[in-house]
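Student: Need a 3D model of the sequence below.
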Amino acid sequence: MTSQSWSPSNYATHANFVPNLTVDVVKLLQPSSEWSILDLGCGDGVLTKKLEGICNKVVGVDSSPEMIEAAKQLGCQDARVVDGHELDPAQFEEKFDAVFSNAALHWMKKDPAAVIRGVRDVLKPNGRFVGEMGGHLNCHELHSALIHAVNKRGQNGVELSPWFFPTVEEYAELLEANGFKVEHIELVPRITPLPTDVGGWVRTFGGSFFKPFDRETQEEMIQEVMDFLKPVCYRQNQWSVMYVRLRFVAFRV
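Tutor: Sure, this is the predicted structure:
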């Protein structure tokens, strides 16, 4: 979905909070035991596996072959390599009662409207689209530090950023312009303690920023970001980041 490379082991070590902090968005989904669900951007399948215990059928898709392999090893029954920009009903045996997405849509920066249209096309009439993604100001301190580290080395940090963090108004307009009626949408700030440190977070999620640089420069940049953020993001032996989540429920018109 971006040029980001994914390591399932790094993800499990440095970002295990991503599938763990999902109680609220799953409540919004209100899954039924009779439903078929598409988990869009399923990653390593931890949440997909939980949904399989609730619903009749769950198909997990992700653009990363490495993450799909991890999902299969976890025991997910149906996990496929599919780019979220290229959803097509012909890829699936039937249309879905719901499309669910956690912590993935903000990676689909190339054409968010195309992603939404693809979701619409694979849903049954009146099917629901429920998601949580990075919203406006998500991880703003880290994002700004990474952009600055890139810019000072003569590259364009905004262009290298892999993320799309919309406002409520911006994403609601995209949904409504592409075949959905929005029932609920909100921004939710959430201070998020990291399981390791900011360096681990950057190595897991920030790979796109480092592609123009050699390994030595990459390590220099990571240390620079850590040093810059430590006065505000590190307290009592704990690194934390201000996440801002955009949660929504929309129905296919």
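Student: how many neighbours does residue 237 have?
Tutor: 5 (other CB atoms under 10 Å). Heads up, the C-betas are built off the backbone N, CA and C, glycines and all.
Student: swap in the one 5 residues further on?
Tutor: Using other CB under 10 Å as the criterion, residue 242 is surrounded by 16 other residues.
Student: do the same with residue 167
Tutor: Other residues close to residue 167 by other CB under 10 Å number 13.
Student: Could you report the pLDDT at the residue nearest to it when sequence neighbours are not counted?
Tutor: Spatial nearest neighbour of residue 167, excluding adjacent residues (CB to CB, 6 or more residues apart in numbering): residue 136 at 4.4 Å. Residue 136 is assigned a predicted lDDT (pLDDT) of 99.
Student: Residue 252 now?
Tutor: For residue 252, the predicted pLDDT is 99.
Student: if I read this right, the residue nearest to residue 167 contacts residue 163, doesn't it?
Tutor: No: look at residue 136 against residue 163 with CB atoms under 8 Å: they stay out of range, at 11.2 Å.
Student: Looking at those two, which one has more neighbours?
Tutor: Legend: neighbour count by other CB under 10 Å for residue 136 and residue 163, higher for residue 163 (18 against 15).
Student: Quick one: residues contacting that one.
Tutor: 106-107, 109, 134, 138, 143 (CB atoms under 8 Å, 6 or more residues apart in numbering).
Student: got a winner among those residues for most neighbours?
Tutor: residue 106 (25 neighbours).
Student: and the gap between it and residue 52?
Tutor: In this view, residue 106 and residue 52 are 25 Å apart by CB to CB, to the nearest Å.
Student: what pLDDT, on average, does whatever helix or strand residue 209 lives in get?
Tutor: Assessed by DSSP states H and E, residue 209 sits inside helix 207-210. Helix 207-210 shows an average pLDDT of 96 in the prediction.
Student: got it, and stretch 57-75?
Tutor: 96.
Student: Buried residues of that stretch, list them for me.
Tutor: 57-64, 66-68, 70-72 (16 or more other CB atoms under 10 Å).
Student: Which ones among those map onto strands?
Tutor: Among these, the members found in strands (DSSP state E) are 57-62.
Student: out of the residues you listed, who's nearest residue 39?
Tutor: Distances from residue 39 to these, taken as CB to CB, are shortest for residue 60 (4.4 Å).
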